[in-house]
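Enquirer: Structure for this input, please:
(4 chains)
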2 protein chains.
Amino acid sequence: MTDPQQFTQVLHNWAEIFMRRSMRDFIQSSKDSGLSVTQLSTLFRLHHKGFCGVSEVGDHLGITHAAASQMVERLVQLRLLERAEDPRDRRVKHLTLTVKGQELVQESIQARRRWMEELTNALTPQEHGLIIDALTILTAAARQLETSKKMKDE
Amino acid sequence: MTDPQQFTQVLHNWAEIFMRRSMRDFIQSSKDSGLSVTQLSTLFRLHHKGFCGVSEVGDHLGITHAAASQMVERLVQLRLLERAEDPRDRRVKHLTLTVKGQELVQESIQARRRWMEELTNALTPQEHGLIIDALTILTAAARQLETSKKMKDE
DNA sequence: TTATATAGTTAAGTTCGTTTAACCAATTAA
DNA sequence: TTAATTGGTTAAACGAACTTAACTATATAA
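Expert: Residues are numbered from 1 along each chain as shown, chains lettered A, B, ... in the order given. This next block holds a predicted model:
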């Protein structure tokens, strides 16, 4: 097996176990909070982006703008989202997480964090060092890909 | 920042970008295949476990056994799942993926695989080596945790 | 100015996935 | 053998979330 193939394979193995764990936690969070997976996904998106408009939410989830508007309305009712007018273009709604919304996202992240602490405890300091270096590189590369792709889309 | 904290933080950074990407692909797969997130999730579970019963599907998703039975029925109708009697306990249904079901899972994995190839190309062979070592350790530790937790539950 | 495009909302109708409750069949315990 | 338990199915009813279509308001182009 050549090196790049081996690399992809190793990444894949890790992805498989990581996804299994994360999806389970995510579905669990969804049940706990009483929100659908798409609703929770929207909160996470806002956690990452900071703010966005209603149409963007819909495009991202592959649903109509009408459906997105209704979903946002529900999240606003639940006091998880703030919906304000964008002063620069008053057609646009400026969606942001409320404090309550941020807390909910943090709770959902906590489960993962606990798992990571278990992983931390299962490894030696030497292994920590190695993995820190590796994941730092990997994360930087992934971020780079993410932003360069975004540039291309716009 | 002490070493274990830094380790957890780095793991967390990677998790964040990885999850964002994977959830997007997963929701996209769900749309493409016309299956709900929970249905697709069940196919992935069977891909991993090999087989399981109907109640187990329900427990895992946090829905009633009745709902699980109906969901399985839909997947069987779509020829994605095979539902056979377990010869050792004829109350139990032995659920497995059909070839078509396996193909669908593979398609869903493909998107991730393409992303990983992009990542692969963005890094040098030296970096590959480092990351291979790190992720191999990490994956082994995660698998260990997974099986030891399973032992405890049973 | 007028026309067109964009962002979002609302209402009506539909579909899908869920629950509850009643049920059957197979297994295990008394 | 009988009773209780376990695994799964079915039917009826319900609610959440979606779509289409019509609408308002703002912004931009002709």
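Enquirer: who's in contact with A:R83?
Expert: For A:R83, the contact set (Cβ atoms under 8 Å, 6 or more residues apart in numbering or on different chains) comprises A:V72, A:V76, A:K93, A:H94, A:L95. All C-beta atoms are positioned from the backbone trio N, CA, C, and that covers glycine.
Enquirer: nope, A:R74 is what I meant
Expert: Going by Cβ under 8 Å, 6+ apart, A:R74 touches A:Q39.
Enquirer: Could you rerun that using 7 Å?
Expert: Contacts here follow Cβ atoms under 7 Å, 6 or more residues apart in numbering or on different chains; on that basis A:R74 touches nothing.
Enquirer: In a markdown table: the contacts of A:R83, plus pLDDT, secondary structure and distance to chain B.
Expert: Written out in a markdown table, the entries for these read as follows (pLDDT from 0 to 100; DSSP: H, G, I helix; E, B strand; the rest coil; distance: Cβ to the nearest Cβ, whole Å):
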| residue | pLDDT | secondary structure | distance to chain B |
| --- | --- | --- | --- |
| A:V72 | 97 | helix | 17 |
| A:V76 | 96 | helix | 22 |
| A:K93 | 97 | strand | 22 |
| A:H94 | 97 | strand | 21 |
| A:L95 | 97 | strand | 17 |
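Enquirer: What is the nearest of these to B:C52?
Expert: A:V72 (37.1 Å; Cβ to Cβ).
Enquirer: So which of the contacts of A:R83 wins on neighbours?
Expert: Neighbours here are counted as other Cβ atoms under 10 Å in any protein chain shown. On that basis the top member of the contacts of A:R83 is A:L95, with 25 neighbours.
Enquirer: That one pairs with what?
Expert: According to DSSP bridges, A:C52, A:R83 are recorded as the beta-bridge partners of A:L95.
Enquirer: Go ahead and measure how far the helix or strand that contains A:L119 is from the middle of the chain.
Expert: In the assignment (DSSP states H and E), A:L119 maps to helix A:99-121. Taking Cα atoms, centre = their mean, to the nearest Å, the mean C-alpha location of helix A:99-121 is offset from the chain mean by 12 Å.
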